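[1] Need a 3D model of the sequence below.
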Amino acid sequence: MTQKYLLGFDIGGTKCAAILGAIRDGGEPEPLSRTQFATRECATPGECIEKLCRLGLEALRQAGLRPGDLHGVGISCGGPLDSRRGIIQSPPNLPGWDNVPICAMVAERFPCPVRLQNDANAGAVAEWKYGAGKAVQSLIFLTFGTGLGAGLILDGRLYSGGCDLAGECGHIRLAPFGPVGFGKAGSFEGFCSGGGIAQLAAVRAKEALQRGERVPWCPTQADLPNITAKTVGIAADEGDPLARAIYSECGSWLGRGLALLVDLLNPERIVIGSIFARSETWIRPAMEETLRSEAIPAAAAHCRVVPAQLGEKIGDYAALALATGEY
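    This is a model prediction of the structure:
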């Protein structure tokens, strides 16, 4: 039995985590330990990276391992970044992380390959290898969380584009007007993200209140700024017709965006995470109807749209998947 030890760093605007894992005979990584901390605890990128390295070294020590026992280190982080040179380039959710040569910094502590990818690409690799995309050669992974990004697996390989910007489908404009996402009104991200759903819900709730209708999850116009996608999701689960209509509207736009991807890339599978995975019941019917009407029929029939399978563990599996180098 062959066993490889892997170290993963999952870096986000809210929290960071160091994950030690092992993989046996080409199977799935088994997380051995995980330690996380709030990103705001560190004043500088260097301090954060140093803390991740210390946590990684401590995890190795507790497991009776040395840095030389590692097969690789994988780093998943929000973009933009340069995966080829291992540099993080000013992600909006990580102020101050400007041109940080993270791979070189980590390689000083761990004598093994260090690999960096943006979180959407890393999530695509994880779902392709260990989740809802197993055994397919072409897959699109959509984050559908706070924002909307995509990771592309094409012909059995991760495709990141000429400068790591492949998959930025949230920037596509679907309509002249609409919720703002990725700096653009009416964008795919505007209609299909947590922030976008909150904007859309605020408009629909305001319309209903002005018509004199009761909105239990937004009793007055003063409550409009407090609306979140979670607010609407909970209301939809509890049977609120307006909340369900908002998610159905989101589903229609999702179907329109997916039709573009299906026609352009002809994938076998589209895996969608976060909000879609939680509220699929209210989003899927309108999504499927629009996708069928907009996409080339043969391409739509060839593609299955499924919720992400790894759930809250995707960040851990994503970082460990990068550490394997098999993508």
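[2] And the pLDDT at the most centrally placed residue in the chain?
    The residue lying closest to the centre of the chain (C-alpha atoms, centre = their mean) is Thr143, at 3.3 Å. Thr143 carries a pLDDT value of 92.
[3] Show the end-to-end separation of stretch 230-245, please.
    15 Å (C-alpha to C-alpha, to the nearest Å).
[4] now stretch 221-241
    Termini of stretch 221-241 sit 19 Å apart (C-alpha to C-alpha).
[5] coming back round to it: can you give me every residue that contacts the closest residue to the residue nearest to the centre of the chain other than its chain neighbours?
    Excluding the flanking residues, the one nearest Thr143 by C-beta to C-beta, 6 or more residues apart in numbering is Gly149, at 4.8 Å. C-beta: built from backbone N, CA, C; applies to glycine. By C-beta atoms under 8 Å, 6 or more residues apart in numbering, the contact list for Gly149 reads 79, 118-120, 142-143, 167-170.
[6] where in this protein is pLDDT low?
    1 (pLDDT under 70).
[7] ok so, going back, between the contacts of Gly149, which has the most around it?
    Within the contacts of Gly149, Leu142 tops the neighbour count with 30 neighbours, counted by other C-beta atoms under 10 Å.
[8] out of the contacts of Gly149, which are inside strands?
    Secondary structure assignment by DSSP state E places 118, 142 of the contacts of Gly149 in strands.
[9] buried ones in stretch 274-282?
    By neighbour count on 16 or more other C-beta atoms under 10 Å, the buried set for stretch 274-282 is 274-280, 282.
[10] and which of the residues you listed is nearest to Ala205?
    Using C-beta to C-beta, Trp282 comes nearest to Ala205 of the buried residues of stretch 274-282, at 16.2 Å.
[11] can you confirm the closest one is in a helix?
    Yes - when DSSP: H, G, I helix; E, B strand; the rest coil is applied, Trp282 is found to be in a helix.
[12] measure it to Pro95 for me?
    For Trp282, the distance to Pro95 equals 35 Å [C-beta to C-beta, to the nearest Å].
[13] got it, and Gly8?
    Gly8 is 24 Å from Pro95, by C-beta to C-beta.
[14] The two: which is more packed in?
    Gly8 (30 against 10).
[15] My guess is that one contacts Ile314. True?
    No - contact criterion C-beta atoms under 8 Å: Gly8 and Ile314 do not qualify, at 11.6 Å.
[16] Switch the buried residues of stretch 274-282 over to TSV; also include distance to Ala295 and secondary structure.
    TSV is the format used below for the buried residues of stretch 274-282 (distance: C-beta to C-beta, whole Å; DSSP: H, G, I helix; E, B strand; the rest coil):
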residue	distance to Ala295	secondary structure
Ser274	23	helix
Ile275	22	helix
Phe276	17	helix
Ala277	22	helix
Arg278	25	helix
Ser279	22	helix
Glu280	19	helix
Trp282	21	helix
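[17] ok so, going back, which among the contacts of Gly149 gets closest to Ala18?
    Lowest distance from Ala18 to the contacts of Gly149 (C-beta to C-beta) belongs to Asp119, with 15.8 Å.
[18] could you measure the closest one against Ser160, distance?
    Distance from Asp119 to Ser160, by C-beta to C-beta: 13 Å.
[19] Pro80 too?
    From Pro80 across to Ser160, the span is 11 Å (C-beta to C-beta).
[20] Give me the more crowded residue out of those two.
    Set Pro80 next to Ser160 and count neighbours by other C-beta under 10 Å: Ser160 wins out with 22 against 15.
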